[in-house]
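Enquirer: below is the structure, and that's it, no one-letter string:
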């Protein structure tokens, strides 16, 4: 069954699958922030500096202009610039998987831009607004696949919830190579992993994925995206190593003293899954700027709580934070 899956995909897609698999085994997946200036305009020079630092930490892959990167706040010109900078920063050392989204027609506009910019693959984020039947979810991916040569990773989150039969069907689409899950329904996810052919990629895409990383691994999904890597790769890397090595004491300590307090703070305000990450990056002196509306930056009390959580996490991995003004 595994060979049949690999035989269905192109040689280019097979190469991306292999590179992603190697990266997933070696480190966390980086979902970088997008840098904006205080007036809300795109800050490409700061973004370039920030991405260079991200790539230097050797993540498993780079996923620019996705949820953490505020894809939905970017126009097409900005999106092109963001992907071009990411491709240049990666310099062939790791795969670049660009986010695309909205309905299939608009998703294809972004897909073609990503192709021209040199991305290796695409993460198809949930479509906009409407609920859809399973046939429609599968057709959405078919139409995107028909219009781009790049391999696709489907992202089920929000209104996108795939059945086992739908996963079998999307795995028949030659350029669909994997699925990122953001629902954390492990019963459903186990059914999906069993339904998929051998070699099909699965990713843990839960918010603050480290919280559920052990649980996901039990159903065959050890790879995960890390928002924490966007501002504290030292913490994200220490957690990844501890989890990989079976160091339950270190995993539990990081969960108890850093990740769980971070999640509890995140859950206070809608949109904090991104704006807290950006605020934490600014606390590290990283040039990412503010979030764009409709997101909002944290209030002073929440920012103070975030600073304490960040310092605690860095202390746990032996890093002293450089305080910013």
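Expert: Received, thanks. Quick caveat: nothing in here was measured; it's all calculated off a predicted structure.

Enquirer: tell me where the protein has strands.
Expert: Using DSSP state E, the strands of the chain run over 29-30, 61-62, 97-100, 121-124, 152-156, 176-181, 201-204, 225-226.

Enquirer: now do the same contact list for residue 80.
Expert: The neighbours of residue 80, taking Cβ atoms under 8 Å, 6 or more residues apart in numbering as the test, are 113, 116-117. For every residue, glycine as well, the C-beta is placed using N, CA and C.

Enquirer: how far away is residue 17 from residue 96?
Expert: 15 Å (Cβ to Cβ, to the nearest Å).

Enquirer: my guess is residue 67 meets residue 74, correct?
Expert: No - if you go by Cβ atoms under 8 Å, residue 67 and residue 74 don't touch, sitting 12.0 Å apart.

Enquirer: between the two, who's got more neighbours?
Expert: residue 67 (23 against 20; other Cβ atoms under 10 Å).

Enquirer: who's in contact with the more buried one?
Expert: Residues counted as contacts of residue 67 (Cβ under 8 Å, 6+ apart) are 31, 99, 125, 273-274.

Enquirer: switch the cut-off to 10 Å
Expert: Taking Cβ atoms under 10 Å, 6 or more residues apart in numbering, we find residue 67 in contact with 31, 99, 101, 123, 125-126, 155, 157, 182, 205, 207, 225, 227, 273-274.

Enquirer: can you check residue 183 too?
Expert: Per Cβ under 10 Å, 6+ apart, neighbours of residue 183: 156-158, 160-162, 189, 205-206.

Enquirer: same check on residue 167?
Expert: By Cβ under 10 Å, 6+ apart, the neighbours of residue 167 are 138, 154, 156, 176, 179, 191-197, 200, 202.

Enquirer: kindly recompute the last result at 7 Å.
Expert: 179, 192, 195-196 (Cβ atoms under 7 Å, 6 or more residues apart in numbering).

Enquirer: circling back: next, format the contacts of residue 183 as TSV and append distance to residue 304, pLDDT and neighbour count.
Expert: TSV is the format used below for these (distance: Cβ to Cβ, whole Å; pLDDT from 0 to 100; neighbours: other Cβ atoms under 10 Å):
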residue	distance to residue 304	pLDDT	neighbour count
156	36	97	24
157	30	94	17
158	31	92	14
160	36	96	19
161	38	97	17
162	41	98	22
189	37	97	21
205	29	94	28
206	27	91	20
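
Enquirer: show me which of these is closest to residue 83.
Expert: Closest to residue 83 out of the contacts of residue 183 is residue 205 (19.7 Å), distances taken as Cβ to Cβ.

Enquirer: from memory that closest one sits against residue 226, does it?
Expert: No - with contact defined as Cβ atoms under 7 Å, residue 205 does not reach residue 226; the gap is 10.5 Å.

Enquirer: returning to what we had before: tell me the two of the contacts of residue 167 that are most distant?
Expert: So, these by Cβ to Cβ: farthest apart are 179 and 195, at 10.5 Å.

Enquirer: higher neighbour count, those two?
Expert: Neighbours per residue (other Cβ under 10 Å) separate residue 179 from residue 195, with residue 179 holding more: 26 against 17.

Enquirer: tell me the spacing between that one and residue 267.
Expert: Distance from residue 179 to residue 267, by Cβ to Cβ: 25 Å.

Enquirer: kindly report the same for residue 316.
Expert: 22 Å.

Enquirer: ditto for residue 250
Expert: Residue 250 is 25 Å from residue 267, by Cβ to Cβ.

Enquirer: and the two? Which one has more around it.
Expert: Higher neighbour count among residue 250 and residue 267: residue 250, with 17 against 12, using other Cβ under 10 Å.

Enquirer: the more buried one touches residue 241, doesn't it?
Expert: No - assessed by Cβ under 7 Å, residue 250 is found out of contact with residue 241, at 8.2 Å.

Enquirer: any chance of the strands of the chain in CSV with distance to residue 211 as columns?
Expert: Formatted as CSV, the strands of the chain follow (distance: least, Cβ to Cβ, whole Å):
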stretch, distance to residue 211
strand 29-30, 16
strand 61-62, 21
strand 97-100, 22
strand 121-124, 21
strand 152-156, 18
strand 176-181, 14
strand 201-204, 10
strand 225-226, 11
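
Enquirer: the spatially closest residue to residue 53 that is not a sequence neighbour: neighbour count?
Expert: Nearest residue to residue 53, sequence neighbours excluded (Cβ to Cβ, 6 or more residues apart in numbering): residue 286, at 7.1 Å. By the measure other Cβ under 10 Å, the count of residues near residue 286 is 21.

Enquirer: any idea how far residue 286 is from residue 176?
Expert: For residue 286, the distance to residue 176 - Cβ to Cβ - is 34 Å.

Enquirer: no further questions, thank you.
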